[in-house]
Each structure stands twice: as C-alpha cells, then as structure tokens.
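Colleague: what shape does this take:
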Amino acid sequence: MQSLIEILMTRFPKAVLSVQADTERAEVSINVAAEHVLELSRFLHDEPDASFNHLTDICSVDYPEDQQRFEVVYHLHSLSKNRRLRLKARLSEDNPTIASVTSIWKGAEFLEREVYDMMGIRFAGHPDLRRILMPEDYDEGFPLRKDFPAEGRGWRSQFDFIPRLDEPPSESLDGDEVPEREKQAFRAEQERPGSLRREELLLNMGPQHPSTHGVLRVVLELDGERIVKATPDLGYLHRGVEKLSEGLAYMQIIPHTDRLDYVCAMANNYAYVRAVEKLLGITIPERGEYIRTIVAEMQRIIGHLFWLGTQALDIGAMTVFFWTFREREVLLDLFEKLCGARLTLNYYRIGGVDSDLTPEVIQRLKAFLVTFPDKVKEYDSLIASNRIWLGRTKDVAVISAEDAINFGCTGPVLRGSGVAYDIRKTEPYGVYDKVDWEVPLGKKGDTYDRYWVRMEEMRQSARIIQQCLDQLPPGAIMADAPQYIPPPKPHVMRDMESLIHHFIIFTQGLKPPKAETYCGTEAPKGELGFFIVSDGSARPYRLKIRSPSFVHMGAFDHMARGYLISDIITIFGTYDIVMGECDR
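Modeller: Next up is the predicted model:
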C-alpha cells in the first residue's frame, strides 16, 4: 500500500492533500481535493497496481463548524489484491457539489442518490440524481445533517389533485388553485428502438404485493410482457436508524441492529459489535469467539432456510416452504434457550456474548447436525431437477462476474457469478481460520447458481458448527477490558466496587478514542458493514450502515431487462432482500 500511495502523490500532487495511516486498525485514508476525485478514482480502478474494482460504499459526514462542512467518503476495495482504501473529499456548504463516479462503478448510482437524499450533496454527471429513501416531494431539508432534529419537522406528504382535461380546475380547501404537476421520474422513455412496438406500458408492482419482501415498489416499463426498464422505488420502511444512533450510547444501538435484517438478527448484532470492538481495540476471549462463530452459522442456516422456503413459495412450490420452516423452528428453539428470544435477539455484546452455551443447547445442536444434511438432500430432491423450478431459475437474471463486481454485489449474489469473495476467508474473523470449510461458487451467474450456492453454504455452515463444537475450549465469554466492559452481573449483585463500575459504564457510556473505522462482516445476504466516526464521546458522531440489500437493489434494473414480468418475482427472491435492512 505504501508504494501505491507514493505513486498517487507523484502522479497527482495537486489531488492528494494528506494521507492518514491507522496502523492500529490497519486502515488507510487519503484526503483528496474534491475537483480531482473523478480522475483519481478512475486511476485507482484502472491501474493494474491498484485495481480497486469494487466500490464498497459511499457515505458522508457533516461537520457544521468547519468551513469545508461536508466530507464525502468513498470506501474502495480491491478484490484481486485484497486491500481496502478510503478516499475523503471536503465540500463547502455554499456549493456542496462533486463529480459523480457512476461512469467508473455502476453501483455508485444508488449510493450517490442516498448521500444526496440524506445530506444534500449533489453529484455532477449523475444520470438520475433524485431522492431515494425520502419522498420525492420532501422539502424539509436533509435528515442526516447535524442541524436537522432527530424527531423530524412534522412534515406530511401532499397529494395534489390533478383535474381531468374535460373539467375546470378544482380549488383546494384554502381557496388557492391546485397547480398541476407532471412527474417525469417514472415515465416511459420516448422513441425507443423497436420495429413492432407502438407504445410502452408502465406497470406498478408493489408496494402492497405479497412477493416484494416487505414494502417495495418497482415501476416496470414493458414491451408486451418483456421488461424494458425496472425502476425500484425504495424508502417505504425507512426509519432513520443511522440518525437515531447519533443520540444513543454504543451499547444502546445493539437492539436497533436487530431490526435491520430481522430475519437474520444475530448477523446484524455480530457485524455491529465487531465494528465497535475494532474501534476500541478489544480482543475477544477464545471461547467467546467460538460461540460467536457457532451462533453466526446457525443464523446463516436460518436465513438461507427462510430464503429457500419463500423463494420456492413465490415460484410455486409449497412443500419446500413447510419443510424448511420445520428445521428453522428447531434452531429458533435453540436461540430461545440461549437468550430467551427467537427473532430480535440482542445476544451479542461489545466484547463477547451475553450468555454461555449450556450443555442442553450443545446436545440439541449436535442432534440437529446429525439429521440436517439429509434434510438438505430432501429439499434438493423436490426442486433441484424439477422442470418448473429449472424453467424459472436457469438462465434467468444472469449477471456476469465483471458486472457483479462493478455493481458492488457481495455474498451469494457475487459468488453465484463465480467470484470467490467471502470475508470469512479473505479477512478472517471469529474462528473461521481455525476450521476447515470451502467457499461454494457458481458458474453462470443465474438464479439457479445463486440457489445452488446457498444450498451448499448451508452444508458448509453445518460443517463449521460441528468443528467448533468439537474444538470448543473452556474459559471466559467476555473480554477483560474494564474501561469498556461492565463486570459480570453476579459480581454486581454482591460487590460494591463492581456495582459502582457497572453504574459508571451504564450512565456515562463507554468512550472510544477519537478515530474512525470500517468493519465488514459476511452476513447471509452479503457484506454488512459499519462505518463509525468517533469524536471521543459516548455516542458515535456518525454511523453508516453498508446494507447488502440496498446495494443489490442497485443492480435490479440491469438484471431485469429483457425478462418477463413473472421473472420479476424470481429476481426479488434471488437477492434475498429484506426491506428493513435496505431502507434502514
């Protein structure tokens, strides 16, 4: 990385303002002049020695006291060289405009729209710069700015009445004439090539549709039954989790992560606490790491079972749904024994886990692992060779490896296209480097490959859990870091010093050093990352969630074009999206 920085400073002396190397967290940030972001980004993407072909995320931070108020942050990743780089550019409040990088990374389109929507930063050259999570007619400002109140400003959407052409204009309640507005965002594009097409049809799909995985609206532009354009309309489940986090202590945020991907809550907990631990520099005890890995893989199996059952149900296979939920219930029962909850679990802690594995949980988990491989074979026997399943998944929603990387895809979507990127292997955490397992890869990048990858991942997860149970060491389940970690509850109940320690931690909160860090975790849906900016206080100054569901929706139009309306349901399912995570 040092040689690359030297090359950048030599070739772009006016662009590179300063370099920040955080050796403790193994991260490098480069402060660049805003007017040179595009050329620098293109060099980092195209130059073989750099090869930052994967745009992990784009976010922004607001510093209202500074003359250069806004900081735009680009998280770049080189898959081939397995290294990350952060570019940061500052903008003034008077003219918060920077060049769009959508010409380099296709995945930047949705990411830049989110920054524009939440912070009001404009991206020159963006093909479709408009709000993405907030309503299009929202005019109360930009929610992630520091001067925007967390409780909002009492805004309500206005639904203007548009009169018919054969009727005189109506009047609003206050006597003012209602202006007619014409929204072009979802209109069919004019004069598309096509010898037989006379006109194109716009069709609304969702947000109240049983197969859109929550509340998602997609506007389809059709040529007969073929998709010409598919425009996702997000934000129906937007709750402002990032804004809420700015007013919460670090430990208070853990239950909010449960509500992101509520199907795989444990994975969200794990991703968040890992980011905070990286910020604090905490080392987790060995038994705690084994338990975390076991629980994370149990959650991966639960997530993939839920995906398989609902995807099969959407396509028309009902039996698979009942069978997958049968095994899912067994694991949810174990979660209930482990932490007293089944869906939103709040089990992981900064520094370890809330409770230890009991002999009963271990025994029941081992019994599950004995029968589970045969259950996976049962699912395969129902659909792997079923002609309807093959017809609905083979050669549908194909995305090449190059395009999947360029859109920022991760998880089974990326591995289904044959790209061997799994954070558990490339940047090992937990005890993934102490057990033997493989990363399954697809070949074509179609819906069937992504199905196969998830089926094989369930087998690999069972293999990981079995090895972890066999190797499970004795010892503590929480880190020994009194500055950040409260004492065990039994000590609090009988020891005055522990009670005072507990009181201080929970009233004043833990206070990380002034720093920033990004930490990505391999969640069942892909790379779930948390970018935390700490100002040294008990609350994060900025917390950005890199949601795989949101990033994957950016590739939806690309993957849907040319397929049938009926394939739209299959494409929804192939991402395994959850809108709570997508909208946040």
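
Colleague: verify the stated contact: Met266 with Tyr347.
Modeller: Yes. Under the criterion of Cβ atoms under 8 Å, Met266 makes contact with Tyr347 at 6.3 Å. Where C-beta positions appear, they are placed from N, C-alpha and C, glycine not excepted.

Colleague: which residue ranges make up the domains of this structure?
Modeller: For the chain, automatic domain parsing gives the domain ranges 2-124, 241-583.

Colleague: could you identify which of those domains is most buried?
Modeller: domain 241-583 (a mean of 20; mean count of other Cβ atoms under 10 Å).

Colleague: that one: end-to-end distance?
Modeller: End-to-end span of domain 241-583 (Cα to Cα, to the nearest Å): 9 Å.

Colleague: that one: how far from the chain's middle?
Modeller: 11 Å (Cα atoms, centre = their mean, to the nearest Å).

Colleague: same deal with stretch 99-116?
Modeller: 16 Å.

Colleague: and the domains of the chain as CSV, adding distance to Ala230 and mean pLDDT?
Modeller: Formatted as CSV, the domains of the chain follow (distance: least, Cβ to Cβ, whole Å; pLDDT from 0 to 100):
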stretch, distance to Ala230, mean pLDDT
domain 2-124, 13, 88
domain 241-583, 4, 89
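
Colleague: compare these and give me the one nearest Asn204.
Modeller: Asn204 sits nearest to domain 241-583 of all the domains of the chain, at 11.9 Å, using Cβ to Cβ.

Colleague: confirm for me that Pro482 is in contact with Ser498.
Modeller: No. Using Cβ under 8 Å, Pro482 makes no contact with Ser498, being 10.0 Å away.

Colleague: contact partners for Gln68?
Modeller: Gln68 is in contact with Arg90, Leu91, Ser92, counting by Cβ atoms under 8 Å, 6 or more residues apart in numbering.

Colleague: quick check, it in a helix?
Modeller: No. Counting by DSSP: H, G, I helix; E, B strand; the rest coil, Gln68 is not part of a helix but coil.

Colleague: coming back round to it: which of the contacts of Gln68 fall in strands?
Modeller: Cross-referencing the contacts of Gln68 against strands under DSSP state E gives Arg90, Leu91.

Colleague: ok, back up a step: Glu151 is nearest to which of the domains of the chain?
Modeller: Using Cβ to Cβ, the nearest of the domains of the chain to Glu151 is domain 241-583, at 9.9 Å.

Colleague: for the contacts of Gln68, which one is nearest Thr570?
Modeller: When the contacts of Gln68 are compared against Thr570 (criterion: Cβ to Cβ), the nearest one is Leu91, at 41.2 Å.

Colleague: quick one: contacts for that closest one?
Modeller: By Cβ under 8 Å, 6+ apart, the neighbours of Leu91 are Ala34, Gln68, Arg69, Phe70, Glu71, Val72, Thr97, Ile98, Ile121.

Colleague: quick one: the first one from Ala15, how far?
Modeller: Right, the one you point to is Ala34. Distance, Ala34 to Ala15, by Cβ to Cβ, to the nearest Å: 10 Å.

Colleague: got it, and the third one?
Modeller: The span separating Arg69 from Ala15 equals 21 Å under the rule Cβ to Cβ.

Colleague: how about the strands in the stretch 101-250 of the chain?
Modeller: Under the criterion DSSP state E, counting those that start in this stretch, the stretch 101-250 of the chain contains strands at 122-124, 201-205, 217-223, 226-233.

Colleague: in TSV: those strands, plus distance to Arg239.
Modeller: Listed next are these as TSV, based on distance: least, Cβ to Cβ, whole Å:
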stretch	distance to Arg239
strand 122-124	25
strand 201-205	23
strand 217-223	17
strand 226-233	17
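
Colleague: for Ala401, which of the ones you listed is the nearest?
Modeller: That would be strand 226-233 among these, by Cβ to Cβ, at 21.8 Å.

Colleague: remind me, longest helix of the protein?
Modeller: helix 286-315 (DSSP state H).

Colleague: backbone dihedrals for the nearest residue to Glu336 once chain neighbours are set aside, please?
Modeller: Among residues not flanking Glu336 along the chain, Arg342 sits closest, at 5.2 Å (Cβ to Cβ, 6 or more residues apart in numbering). Main-chain torsions, Arg342, degrees, to the nearest 10: phi -120, psi -30.

Colleague: residues contacting Arg342?
Modeller: Contacts of Arg342 (Cβ under 8 Å, 6+ apart): Leu332, Asp333, Phe335, Glu336.

Colleague: which among the residues you listed gets closest to Trp323?
Modeller: Leu332 (15.2 Å).

Colleague: tell me which element that closest one is part of?
Modeller: Leu332 is located in helix 318-339, with elements delineated by DSSP states H and E.

Colleague: out of the strands of the stretch 101-250 of the chain, nearest to Glu246?
Modeller: strand 122-124 (23.3 Å).

Colleague: show me how far the closest one is from its chain's centre.
Modeller: 23 Å.

Colleague: contacts for it, please.
Modeller: Pro96, Thr97, Ile98, Ala99, Ser100, Thr102, Glu112, Val115, Tyr116, Leu129.

Colleague: just the ones of those residues in helices?
Modeller: Glu112, Val115, Tyr116.

Colleague: tell me the pLDDT at Gly194?
Modeller: pLDDT for Gly194: 53.

Colleague: same check on Pro135?
Modeller: Pro135 is given a pLDDT of 84.

Colleague: Tyr236 is in contact with that one, correct?
Modeller: No. Using Cβ under 8 Å, Pro135 makes no contact with Tyr236, being 9.9 Å away.

Colleague: quick one: which of these two has more around it?
Modeller: Legend: neighbour count by other Cβ atoms under 10 Å for Pro135 and Tyr236, higher for Tyr236 (18 against 14).
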